[in-house]
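Participant: Predicted model, plus sequence, below.
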Amino acid sequence: MESLALLMVFGFAAAVAGALLYIPSLIAPRRETPIKLEPFECGKDPVALPEGRFAIKFATTAIFFIIVDIELMFLWPWAVLYRTLGWFGFAEMLVFLGILMLGFLYIWRKGGLEWD
Amino acid sequence: MDFPAVSLRAILPAIVILTTAALVLLLDLLPPRERKGHLAVVSLAGVVAALLATTWLWGGESRAFRGMVVLDGYALFLDLVICYAAGLVVLLSMDYLRERGLESGEYYALVLLATVGMMLMASAGDLIVVFLSLELMSLSLYVLAGYFRARLASGEAAMKYFLLGAFATSFFLYGIALVYGSTGTTNLDRIAASASRDSLMMVGVALLLVGFGFKISAVPFHMWAPDVYVGAPTSVTALIATGSKAAAFAALIRVLVTSLRSTQPDWTVLLWGLAAATMTVGNVVAIAQSNLKRMLAYSSVAHVGYMLIGLVAGGVFGTGAVLFYLLVYTFTTAGAFGVVLLLEHAGGEGVSLADYAGRARRHPILALVLSLFLLSLIGIPPFGGFVGKFYLFGAAVRSGYIGLAVIGALNTAVASYYYLRLIVYMYMREPEGVEAVSTPSFAGGLALAVALVGIVVLGVVPTPFIDLAQAAVTPLLR
C-alpha cells in the first residue's frame, strides 16, 4: 500500500478543512447583510459585463505594445550572442528591425498613437 | 559556430510579393494622400515581378530552412496560378474601389500578404509551414471580406468566415498533432517514411481532411461559402474563389500524395464520397439561386467536386488533370466574377438574376464575355473548361472509377441548366427597371481580356500546359 500515506494526507486535510468550517458555525456570531450573502463577496457586482464597457483605444494600444514587446524578446538573446553571430546576425537583425519599424512607422503616420 | 544555410532562392517569389506589400504600406504613408491608384500599379508590378521570378526559377528545385520550404516544379506551377489570380484581382479592384471611395493601401497590402500565404502553402515541406501559411492567407482574407465596413453583409461575411475558419483551423491543427503523435515528425517526407496505418494516424488524416475540406469548400464543409461570397466585396470574392482554393488544393495534394501515400486506400474512399457529394450538392443547390454571386459560389463548390475526382483517380494523369483544371478554373472564375463586378451597382445591388434580364442589349460586350466564361464553366469546346473536364473524367475512367466519372458527367448536364439560364436571361428577356450606367474600366477590361485569352488558349492548345502540369506532379509521385 504505497498510496496509504497519500490517502492519510487527503483524509487529514479534509478533516482540518471540515473542522475550520464547522467550529465557527457553532461559536461565531452571525450578522447577515445583503452584501455578505452575495455568491462572491468581493465588492463587485456578480451580474455585469466582465469589465463593463471600455474604449477600443485600450485594445489597439495593447496591440501596438506587441511591436515593442516582440522586438525586445528577439533583441535580448541576439545581444547576448552578438559576438558569436557576427555580421550574419547583424544583417538578419537589421532585416527584422526594418520590417518591425515599418509597422511602427505605419501606426505613427496613420495616427494610431494619438489618443483622441 | 555553424550557421544554418539560408537559401533565399526557395522563397524568392514570396519575397518579391512580401517586399511589394511592405512598399505599398510605405507608399501609402506618403503623398498624394487622396489618390491611391499608384498603389494598385505598384502591387501589379510586384505580382508581375513574382511571375518573372517564377519563370526564371523554372526547372530548378531548391529546398531551404531544413526542408521546411520546397520550391520544385509543382510549387512553381501553382505559383503561376496564384500570381495570375492575384494579378487579375488587383486589376479588377482598381476602379471597383475608386468608384466606392474605398481605395487604400491596406487593401492592396492585404491582397499581397494573402498571396504570400498562398505561395508558401504551395511550397510547404512541413505541416507547420502549411499551417502558418494557411493562417497568413486566411487572416488576410478575413479582414478583406469585411472591407466594406459600412455594409452589414460585408461584416457578416467576415465574421462568419472568421469563426468557421478558426474552427476549421483547429481541426487542422489537431490533425497535425495526431499525425505527429503517430510518426514523430511534421516533415512531409519523413512522415512518408515512417507512416503506419494505426488508429492515431487514421484519425489525424481524417482531421486534416476536414481542415482542407473547409478551405476548398467541399461538401459538407461548404456552408460558409455562399454567405461569404455574397457579402464580401466582389473583388475579394474572386480572390477567395480562385487563389485561396488553388493554394488549399496545392497543400492538400502535396500532403496526400507525398506524405500520406501509405494510407491512400483509406483517403481515396473518403475523397470519393466527398467528390460525389460536392458535385451534386453544389450543382443542385445552384439551380435554386436567384442571386448571381450566390449561384457562382455554389458553382465553385461544384467545381471543387470535379477537381476531387482527379485526386481520387490519382497518378500522374489524375493529379496532373487537377493542376490543369485549377489553371483553367482560376481564369474562368476570376473572369466570371469580374463581369459581375463591373456590372454591380455602387450599393452592391444589381447582382440578382432579374437584374441581368436584357443585359445583352445594354452591355453587349460584357454580356458576350460573361456568356463565354459560362460556356467554359459548363465545359463546352473550344474553351479550357472542356479540356479540363475531359482530362479529369478521362483520368477517372483510366483508373477504373467509372461510377465517379458518370456522376461527374451527369452533374455537368445539371450545371448547364443554370449557366444557360443566365445566358437566356441576358439575351432573350426584356430589360426590367432602370439601369444604372456602369462606368467603363480600362483595368477591368484588361483583366477580362487576359482571362478570356487564357481560357481560349488553354482550350485550343492544351497539350503544352497538360505536359507542364503532369511534369509538375511527377516528382511528387516518385
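Facilitator: Sure thing, it's come through. Quick caveat, the model's predicted, so the values are computed rather than measured.
Participant: How about the contacts made by the closest residue to chain A within the stretch 151-300 of chain B?
Facilitator: The nearest approach of the stretch 151-300 of chain B to chain A comes at B:Gly155, 15.4 Å away (CB to the nearest CB). In short, each C-beta sits where N, CA and C put it, glycine included. Contacts for B:Gly155 (CB atoms under 8 Å, 6 or more residues apart in numbering or on different chains) come out as B:146, B:149, B:231.
Participant: Compile these into a markdown table and extend it with columns for pLDDT, neighbour count and distance to chain A.
Facilitator: Output for the contacts of B:Gly155, formatted as a markdown table (pLDDT from 0 to 100; neighbours: other CB atoms under 10 Å in any protein chain shown; distance: CB to the nearest CB, whole Å):
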| residue | pLDDT | neighbour count | distance to chain A |
| --- | --- | --- | --- |
| B:Gly146 | 93 | 21 | 16 |
| B:Arg149 | 88 | 10 | 14 |
| B:Gly231 | 92 | 25 | 23 |
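Participant: Now secondary structure and distance to B:Phe172 too, for the residues you listed, in CSV please.
Facilitator: Listed next are the contacts of B:Gly155 as CSV, based on DSSP: H, G, I helix; E, B strand; the rest coil; distance: CB to CB, whole Å:
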residue, secondary structure, distance to B:Phe172
B:Gly146, coil, 22
B:Arg149, coil, 28
B:Gly231, helix, 24
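Participant: ok, B:Leu8 - how many residues close by?
Facilitator: Neighbour count for B:Leu8, taken as other CB atoms under 10 Å in any protein chain shown: 10.
Participant: Now B:Ala195: closest residue in space, sequence neighbours ignored.
Facilitator: In space, and not counting its chain neighbours, B:Ala195 is closest to B:Ser262: 4.4 Å by CB to CB, 6 or more residues apart in numbering or on different chains.
Participant: returning to what we had before: check the gap between the residue of the stretch 151-300 of chain B closest to chain A and B:Gly347 for me.
Facilitator: Per CB to CB, to the nearest Å, B:Gly155 is found 15 Å from B:Gly347.
Participant: likewise B:Ile380?
Facilitator: 34 Å.
Participant: Same question for B:Arg98.
Facilitator: B:Arg98 is 16 Å from B:Gly347, by CB to CB.
Participant: And these two? Which one has more around it.
Facilitator: B:Arg98 (17 against 9).
Participant: helix/strand/coil for the more buried one?
Facilitator: Put simply, B:Arg98 is helix when judged by DSSP: H, G, I helix; E, B strand; the rest coil.
Participant: surely it meets B:Glu34?
Facilitator: No: B:Arg98 lies out of contact with B:Glu34 (CB atoms under 8 Å); the separation is 10.9 Å.
Participant: Report pLDDT for the residue in chain B that chain A sits nearest to.
Facilitator: In chain B, the residue that lies nearest chain A is B:Leu29 (4.2 Å; CB to the nearest CB). The pLDDT attached to B:Leu29 in the predicted structure is 88.
Participant: Do I have it right that it meets A:Ile107?
Facilitator: No: if you go by CB under 8 Å, B:Leu29 and A:Ile107 don't touch, sitting 10.3 Å apart.
Participant: Report all helices and strands that the helix or strand where A:Val68 lies contacts.
Facilitator: Using DSSP states H and E, A:Val68 maps to helix A:56-80. Packing contacts for helix A:56-80, counted by 3 or more CB pairs under 8 Å, 6 or more residues apart in numbering or on different chains; DSSP states H and E, involve helix A:82-109.
Participant: what mean pLDDT does the helix it packs on have?
Facilitator: Rounded mean pLDDT across helix A:82-109 is 88.
Participant: same thing with stretch B:266-278?
Facilitator: Stretch B:266-278 comes out at a mean pLDDT of 93.
Participant: Return the set of buried residues in that stretch.
Facilitator: For stretch B:266-278, burial by neighbour count (16 or more other CB atoms under 10 Å in any protein chain shown) applies to B:267-268, B:271-272, B:274-278.
Participant: Only C-alpha atoms, please: export that stretch in PDB.
Facilitator: Provided in PDB are the C-alpha atoms of stretch B:266-278 (Å, rounded to 0.1, in the frame of the first residue of the first chain):
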ATOM      1  CA  ASP B 266      -8.300   4.900 -46.900                       C
ATOM      2  CA  TRP B 267      -8.500   8.500 -48.000                       C
ATOM      3  CA  THR B 268      -9.400   7.600 -51.600                       C
ATOM      4  CA  VAL B 269     -12.700   6.200 -50.300                       C
ATOM      5  CA  LEU B 270     -13.300   9.400 -48.300                       C
ATOM      6  CA  LEU B 271     -12.500  11.600 -51.200                       C
ATOM      7  CA  TRP B 272     -14.800   9.500 -53.500                       C
ATOM      8  CA  GLY B 273     -17.700  10.300 -51.200                       C
ATOM      9  CA  LEU B 274     -16.600  14.000 -50.800                       C
ATOM     10  CA  ALA B 275     -16.300  14.400 -54.600                       C
ATOM     11  CA  ALA B 276     -19.700  12.900 -55.400                       C
ATOM     12  CA  ALA B 277     -21.400  14.900 -52.600                       C
ATOM     13  CA  THR B 278     -19.600  18.100 -53.500                       C
END
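Participant: how far out from the middle of the chain is it?
Facilitator: Per CA atoms, centre = their mean, to the nearest Å, the displacement of stretch B:266-278 from the mean C-alpha position of its chain is 20 Å.
Participant: Run through who's touching it.
Facilitator: Residues contacting stretch B:266-278 (CB under 8 Å, 6+ apart): B:197, B:202, B:205-206, B:209, B:213, B:218-220, B:222, B:256, B:260, B:301-302, B:304-306, B:308-309, B:311-312, B:314, B:401, B:404, B:407.
Participant: Narrow these to those in strands?
Facilitator: Applying DSSP state E to these, no entry is found in strands.
Participant: Contacts only, for the spatially most central residue of chain B.
Facilitator: Centroid-nearest residue in chain B, with CA atoms, centre = their mean: B:Thr242, separated by 2.5 Å. Contact partners of B:Thr242, counting by CB under 8 Å, 6+ apart, are B:85, B:88-89, B:329-330, B:333-334.
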